[in-house]
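> okay, predicted coordinates and the sequence, questions at the end:
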Amino acid sequence: MEVEVDEKDLKAAGAELLTDGRRGLRIHGWEIFSSKRSILNSSALHRYFSLSLSRFA
């Protein structure tokens, strides 16, 4: 299951996608990636970014 992520949401949360072929992201100095499948499903990803962005509002 591939998850599409909006670049604006990532930047707003202080994150960026990894660009070296791994599936994951870099946020606050941490690299979070998975070699088998997506780490979060789409509903968990949406909930995570909603909570992350609400801290900055």
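Structure received.
> please make it C-alpha for all contacts and neighbour counts, starting now.
Will do.
> from residue 21, how far out is residue 35?
Distance of residue 35 to residue 21, computed by C-alpha to C-alpha, to the nearest Å: 10 Å.
> so what's the residue most central in space within the chain up against?
Residue closest to the average C-alpha location in the chain (C-alpha atoms, centre = their mean): residue 25, at 5.6 Å. By C-alpha atoms under 8 Å, 6 or more residues apart in numbering, the residues touching residue 25 are 15-18, 31-33.
> 10 Å instead?
Going by C-alpha atoms under 10 Å, 6 or more residues apart in numbering, residue 25 touches 10, 15-19, 31-34.
> that one belongs to a helix?
No - under DSSP: H, G, I helix; E, B strand; the rest coil, residue 25 falls outside any helix and is assigned strand.
> only whichever of the contacts of residue 25 are buried, select them in PyMOL.
Only the buried entries of the contacts of residue 25 go into this PyMOL selection, using 16 or more other C-alpha atoms under 10 Å:
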select buried, resi 10+15+16+17+33
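> and of the contacts of residue 25, the nearest to residue 46?
Proximity of the contacts of residue 25 to residue 46 (C-alpha to C-alpha) peaks at residue 10, which lies at 11.3 Å.
> could you find the closest non-adjacent residue to that closest one?
Distances taken as C-alpha to C-alpha, 6 or more residues apart in numbering put residue 16 closest to residue 10, at 5.8 Å, once the chain neighbours are dropped.
> got the contact list for the closest residue in space to residue 25 that isn't next to it in sequence?
Nearest residue to residue 25 in three dimensions, chain neighbours excluded: residue 17, at 4.2 Å (C-alpha to C-alpha, 6+ apart). Residue 17 makes contact with 5, 7, 10-11, 23-27, 31-33, according to C-alpha under 10 Å, 6+ apart.
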